[in-house]
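K.L.:
Build me a model from this:
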Amino acid sequence: MDKIICKECSKEFDSDAGLHRHLRVHELSIEAYYHKYFPKLDLYDKSLIKFKNKDQYFETDFNSRINLKNWIKESDKEEVKAYIKKLLEKRKLKKNLIYSPSQVELRSLVTPPIRIYNQFFGDYYELCASIGFKNRFSKSQPEIKSNAERLNDCFIYIDSREQKPLKFNIKSEVTCLKFGDYTLSNKDFTGNCYIERKSVNDLIGTLSGGYERFLRELDKAKSAGAYLIILVEESFSNCMSFNYLPHVFQKGTKITPEFVFHNVRDIIQNYENLQFLFVDGRKEASRVVEKIFSCGDAYKKVDLQFAYDEKLI
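P.N.:
I've put the predicted structure just below:
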């Protein structure tokens, strides 16, 4: 393996870790060292790329999604097409992904959402298939058709352990569910769908300290042939910046949105019978639960977060 050479004094090291420890001798932070000797600029505003770690630094082209959005808007179309396609190819190779990234995955990274891919390529899923992804969903322009009349003969089961149950416009009954918080009494109509409601605080706890327990619950649902929708009653934008929310932030916590959404992305790729959906508050959560249950099993063919973002659900 090639030696790593300190640019300050030419001393050689076997690893990055050795070099990084050595930088204290020169009174240089790791960030300052890479900015000094390997300056990397945001493609849009030409500011230095923010440094978190070496891999992140060299793989990052924009300091924010806003800069990426502005660059896409102002750059040559063919250049944009080549760049955003390359983002998918690189991610597939690096993470060994099987499924085409969902809207939640794309929005949790500095990558364009599905709408932008549709704008430049016509059909996001055709593009993903050409790259070698397996598509879980098939509609780049989803349409959720409801059959609300079917709900007249059904009621929603609410798990007895649900601490803050949502309120619905149709009949409901409290019972003990094996997993999830809500399901429809007619399993044939919904394709055995269960919805698990979470506040942003629940999401943080589940995807950090409760992670292994949550995976066991997902395995149990998968074995039972159930389809799980993890419904978060907080907007996606708020969840991506929960460390700035006064009702969420706790002084001294080390859990970051990056950590939580890294686990979210892993779960999405590892469980084909699951989706995450972030909505704007409890009232919206109640509406969306009824909407999903009224559309039979159509939710299985549609990226729900994309449909919600496009105001189609």
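
K.L.:
Give me the contact list for the helix or strand of the chain with the lowest mean pLDDT.
P.N.:
The helix or strand of the chain with the poorest confidence is helix 187-190; it has a mean of 82 (mean pLDDT, DSSP states H and E). Helix 187-190 is contacted by residues Arg150, Cys154, Thr183, Leu184, Ile292, Phe293, Gly296, Asp297 when judged by C-beta atoms under 8 Å, 6 or more residues apart in numbering. C-beta here means a position set from N, CA and C on the backbone, and glycine is covered the same way.

K.L.:
and the gap between the second one and Phe168?
P.N.:
Just to be clear, that refers to Cys154. Note on Cys154: its distance to Phe168, by C-beta to C-beta, to the nearest Å, is 11 Å.

K.L.:
same check, this time on the first one
P.N.:
Look at Arg150 and Phe168: by C-beta to C-beta, they are 15 Å apart.

K.L.:
And for the third one?
P.N.:
Thr183 sits 13 Å away from Phe168, going by C-beta to C-beta.

K.L.:
what touches both of those two?
P.N.:
Here Thr183 and Phe168 share the contacting residues Ile156, scored by C-beta under 8 Å, 6+ apart.

K.L.:
Neighbour count for those two, which is higher?
P.N.:
Thr183 (23 against 17; other C-beta atoms under 10 Å).

K.L.:
where does that one fall, helix, sheet strand or coil?
P.N.:
Put simply, Thr183 is strand when judged by DSSP: H, G, I helix; E, B strand; the rest coil.

K.L.:
For it, give the beta-bridge partners.
P.N.:
Beta-bridge partners of Thr183, counted by DSSP bridges, are Tyr157, Tyr194.

K.L.:
I'd say it and Cys193 touch.
P.N.:
Yes: at 6.6 Å, Thr183 counts as touching Cys193 under the criterion of C-beta atoms under 8 Å.

K.L.:
Let me have the contacts of helix 187-190 in CSV, extended by distance to Ile66 and secondary structure.
P.N.:
Shown next, in CSV, are the contacts of helix 187-190 (distance: C-beta to C-beta, whole Å; DSSP: H, G, I helix; E, B strand; the rest coil):
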residue, distance to Ile66, secondary structure
Arg150, 43, helix
Cys154, 44, coil
Thr183, 39, strand
Leu184, 40, strand
Ile292, 31, helix
Phe293, 36, helix
Gly296, 38, coil
Asp297, 37, coil
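
K.L.:
Return the member of these nearest to Ile267.
P.N.:
Ile292 (19.0 Å; C-beta to C-beta).

K.L.:
and the closest one, how far is that from Thr111?
P.N.:
Distance of Ile292 to Thr111, given as C-beta to C-beta: 26 Å.

K.L.:
Compare those two (neighbour count), which wins?
P.N.:
Set side by side, Ile292 and Thr111 show more neighbours around Ile292, with 26 against 18, by other C-beta under 10 Å.

K.L.:
In three-state terms, label the closest residue to that one other than its chain neighbours for me.
P.N.:
In space, and not counting its chain neighbours, Ile292 is closest to Tyr299: 5.3 Å by C-beta to C-beta, 6 or more residues apart in numbering. Assigned by three-state DSSP, the conformation of Tyr299 is helix.

K.L.:
For the contacts of helix 187-190, point out the one with the lowest pLDDT.
P.N.:
pLDDT across these is lowest for Arg150, at 70.

K.L.:
could you measure that one against Arg287, distance?
P.N.:
Taken as C-beta to C-beta, the span from Arg150 to Arg287 is 17 Å.

K.L.:
Same question for Leu93.
P.N.:
Note on Leu93: its distance to Arg287, by C-beta to C-beta, is 40 Å.

K.L.:
can you list the domains in the protein?
P.N.:
With domains defined by automatic domain parsing, the chain comprises 4-39, 76-131, 148-309.

K.L.:
rewinding a little: please pick the buried ones from the contacts of helix 187-190.
P.N.:
Restricting the contacts of helix 187-190 to buried positions leaves Arg150, Cys154, Thr183, Leu184, Ile292, Phe293, Gly296, with burial counted as 16 or more other C-beta atoms under 10 Å.
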